[in-house]
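Asker: okay, here's the prediction I keep looking at, along with the sequence it came from:
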Number of protein chains: 4
Amino acid sequence: MIVKNNNLQEVLNRLKGIYEKQMPFNRLLDICIDSMTPTDIKVRIDMREELIGNFVRQILHGGVISSVLDLTGGLIATVELLKQLENIRFDEIEKRLARIGTIDLRVDYLRAGKGDFFTASGSVLRKGNKVAVIRTELCNHRNLLIAAGTGTYLVG
Amino acid sequence: MIVKNNNLQEVLNRLKGIYEKQMPFNRLLDICIDSMTPTDIKVRIDMREELIGNFVRQILHGGVISSVLDLTGGLIATVELLKQLENIRFDEIEKRLARIGTIDLRVDYLRAGKGDFFTASGSVLRKGNKVAVIRTELCNHRNLLIAAGTGTYLVG
Amino acid sequence: MIVKNNNLQEVLNRLKGIYEKQMPFNRLLDICIDSMTPTDIKVRIDMREELIGNFVRQILHGGVISSVLDLTGGLIATVELLKQLENIRFDEIEKRLARIGTIDLRVDYLRAGKGDFFTASGSVLRKGNKVAVIRTELCNHRNLLIAAGTGTYLVG
Amino acid sequence: MIVKNNNLQEVLNRLKGIYEKQMPFNRLLDICIDSMTPTDIKVRIDMREELIGNFVRQILHGGVISSVLDLTGGLIATVELLKQLENIRFDEIEKRLARIGTIDLRVDYLRAGKGDFFTASGSVLRKGNKVAVIRTELCNHRNLLIAAGTGTYLVG
C-alpha cells in the first residue's frame, strides 16, 4: 500500500485500529479514537471506577489525563508527518512511525477531573522534519477544560 | 491519632496503604510503594504486558511513566508537608492531604522503557506552605535512567 | 485610591507605568506594554542589535523571548487578580502584587526569532485564589508565531 | 583546525570567546563563562541594578535567570556534541554549532533571586545525535539554589 492524498484516510484508519487494539496500555485504559482524519483528531475516554486517582474526591487520576494527552499529541504529530510522506509503502510508514516518540510533555492540571467522559484534541505549534511540538487539551462531557498539555515529539 | 515525630512513620504507613490499596488507578497499574519513610520514598512498578505502549518495541507506555513519577512527586510533597504539621489529628491530616494536588508536571522521556521492573525516587526543589516543587527520576532494574520529571504541587 | 469597576483601568494605567519605567530589566530590554485593559494585554519589543543571541543567524536571544513571555503571563495573572479585588486601596494592592511571582515557566522556541518587532499576548488557563496558569504567544511583525509559553504564577 | 582529543580544549576556548564577546545579548547582560572544559561548565552573572525585575524586592528578573540557564544548557549540549565529533575542521564545527538551538525550556523559580553574584551549572540527562536534554541549576553567592531548569536542545 502506498500513501497518496486519496488514500491517506485509509492509512489513518489502519493506524486507528493499531493504536486502539494493538497498544496494550491503551486497551487497558479503554481509550477510543473518536476521530482520525487529516484535519481532526479526537481521543475519548469514559469515566469508570478503575481510572479514579483520589478516592475522596472521585476524580480522574493525573496519569490517565497524561496518557490521553500524550497519545493525542502523538497522533497529531503522526498525521502531520504522514501528510509530508507521499508514495510511501505501508511497511515503510510503519518503520518510520515506530521511531516517533515523545521527547517531553508538560501537563497542566487545571480542574478536578470530574465527568462522565473526556475528550482530547490539539493543534500543531511546530512541524519540522525532526521535531514537532503539539498543544493539547482535555475537556469533560460538559466541555469544561480539565487539563492542557504541550509535548515535543521526535518525528525524524 | 496525632502526628508527632515519633509517630510520623505510623502515619506514613497508613498513607502507604491508602495510596496502594484505595486508589483504584494505582491498583490497576499495580504500583507498589517500596519505601515510605520521612527521608526515603521509593515507588516501584513491575513490567507486564498490559503496560506496553509500543507493540513493535515492547516498551513501557509514557502514560505509565508519567503516572509513577506523578505519584512519587506527590508522596514526597506529602511527606514534606507532614514533617511541618505537628500535633495534628489524622482526620485533619486526611482533609489537608485531600487538598494536595498536582498543578503541573513535566516529564522527559530519556530512554526506551525496557526493563523487568522500574523504580522511582526524587528530591525536593522547593518546599513552601502553598506550593512544592519536586524532581523525580525513573530507573529500570539495571539502574538505567528512563525518565525524569519536575512537578509543581499545591500543598496549602 | 480604591479599586472599583469604574477605576480598574486607572489602576492598570499606573501598573503599566510601574512595569515599564520602574522595573530596571524591562527598561534595559526596552519592553513596551502596548495594551493593558481588563480584557486585552499586549507586550511589544522592537528588534535591535543588543537583543541578538546568535551572531551567525541574527535572531532574537531565547532569554529575551522568555523575559517577554514571562512578563506577559504575569500581567495577565495580575489583571485577573485585580478583577477579583474590589474596594481595595492602592497601597494594599501594591502589597498583594509584590507577592505575585512566577513559579515555573515552559517556553517552546518554535521558529527563529527574525523580525522588526515582536508582540506577545496570552490567555488564562486557570484562575484561582492561590495559583494562576497562563498561556502566552510571541509573534513577529508579520504575525508569524515565534514562541509559546505556559507559566504557573503564585497569586495568593 | 581539526578537533582532536588533545585540542578539544582549544576549541572550547574559542567558543567561550564567541559566546561571551560576539553574542550581543550575553554582552548586554555581561554573562561570564567561568569554566568551559570537557567536564565542567560554569556560567556566572554579577548582580547589578539593571538586572532587577522587582523594584520592591530588589531581586533578579526571571528573564535574566532564564537567559543564564538557557545558555548553560546550550553550552553543555554543545560540549557533548563536540566530544562526539572528531577530526572535524573548525569551520565545519561552526556550521554544526549554528544549527544547535533550544527546542523548549522549563524553568522553576525556587527562591527570590537575591545575591551578589549567581553561578549556573548542569548535567546531561539525554545525549543523542538529534536531541539533548540538559538539567541546570542557578545558585547565589552563598550556594543557595535560586532556580532549576530542564531544556531540550536540537543538536543534529
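Answerer: Cool, got the structure.
Asker: contacts only, for the spatially closest residue to residue A:75 that is not a sequence neighbour.
Answerer: In this structure, residue A:75 finds its nearest non-sequential neighbour in residue A:41, 5.0 Å apart by C-beta to C-beta, 6 or more residues apart in numbering or on different chains. C-beta here means a position set from N, CA and C on the backbone, and glycine is covered the same way. When contacts are counted by C-beta atoms under 8 Å, 6 or more residues apart in numbering or on different chains, residue A:41 touches A:33, A:35, A:72, A:75, A:76, A:79, A:121, A:122.
Asker: and these, which of them are in strands?
Answerer: If you go by DSSP state E, the contacts of residue A:41 have A:33, A:35, A:121, A:122 in strands.
Asker: so which of those is the most crowded?
Answerer: Taking other C-beta atoms under 10 Å in any protein chain shown as the neighbour criterion, residue A:122 ranks highest of the ones in strands among the contacts of residue A:41 with 24 neighbours.
Asker: show me what contacts it?
Answerer: Contact analysis of residue A:122 by C-beta under 8 Å, 6+ apart lists A:41, A:69, A:72, A:73, A:76, A:134, A:135, A:136, A:137, A:149.
Asker: check what pLDDT it gets.
Answerer: Reading off the confidence values, residue A:122 has pLDDT 98.
Asker: which residue, other than its chain neighbours, is closest to it?
Answerer: The spatially closest residue to residue A:122, leaving aside those adjacent along the chain, is residue A:136, at 3.6 Å (C-beta to C-beta, 6+ apart).
Asker: isn't the one you found up against residue A:119?
Answerer: No. Look at residue A:136 against residue A:119 with C-beta atoms under 8 Å: they stay out of range, at 10.9 Å.
Asker: of these two, which one has the most company?
Answerer: Each of residue A:136 and residue A:119 has its neighbours counted (other C-beta under 10 Å); residue A:136 has more, 26 against 21.
Asker: next, the residue of chain A most remote from its centre: secondary structure please.
Answerer: The C-alpha centroid of chain A is most remote from residue A:56, which lies 28.9 Å away (C-alpha atoms, centre = their mean). Following DSSP: H, G, I helix; E, B strand; the rest coil, residue A:56 is assigned to coil.
Asker: check residue A:8 too.
Answerer: helix.
Asker: neighbours of the residue nearest to it when sequence neighbours are not counted, how many?
Answerer: Of all residues not flanking residue A:8 in the chain, residue A:38 sits nearest, at 5.8 Å (C-beta to C-beta, 6+ apart). Other residues within reach of residue A:38, judged by other C-beta under 10 Å, total 13.
Asker: what residues are up against residue A:38?
Answerer: Counting by C-beta under 8 Å, 6+ apart, residue A:38 makes contact with A:8, A:9, A:12, A:79, A:83.
Asker: please repeat the previous calculation with a cut-off of 7 Å.
Answerer: For residue A:38, the contact set (C-beta atoms under 7 Å, 6 or more residues apart in numbering or on different chains) comprises A:8, A:79, A:83.
Asker: ok, it to residue A:153 distance?
Answerer: Residue A:38 is 17 Å from residue A:153, where distance means C-beta to C-beta, to the nearest Å.
Asker: nearest to chain B among the contacts of residue A:38?
Answerer: Set against chain B, the nearest of the contacts of residue A:38 by C-beta to the nearest C-beta is residue A:79 (17.6 Å).
Asker: low-confidence bits of chain A, can you list those?
Answerer: A:1-6 (pLDDT under 70).
Asker: at 90 what do you get?
Answerer: For chain A, the stretches with pLDDT under 90 are A:1-7, A:11, A:54-58, A:83-99, A:128-129, A:156.
Asker: off-centre distance for whichever helix in it runs longest?
Answerer: Assignment by DSSP state H gives helix A:62-84 as the longest helix of chain A. Taking C-alpha atoms, centre = their mean, to the nearest Å, one finds helix A:62-84 lying 3 Å from the centre of the chain it belongs to.
Asker: and for stretch A:97-115?
Answerer: In terms of C-alpha atoms, centre = their mean, the centre of stretch A:97-115 is set 9 Å apart from its chain centre.
Asker: just stretch A:20-29 next, same as before
Answerer: How far stretch A:20-29 lies from its chain's middle: 12 Å, per C-alpha atoms, centre = their mean.
Asker: repeat that for stretch A:87-97.
Answerer: How far stretch A:87-97 lies from its chain's middle: 19 Å, per C-alpha atoms, centre = their mean.
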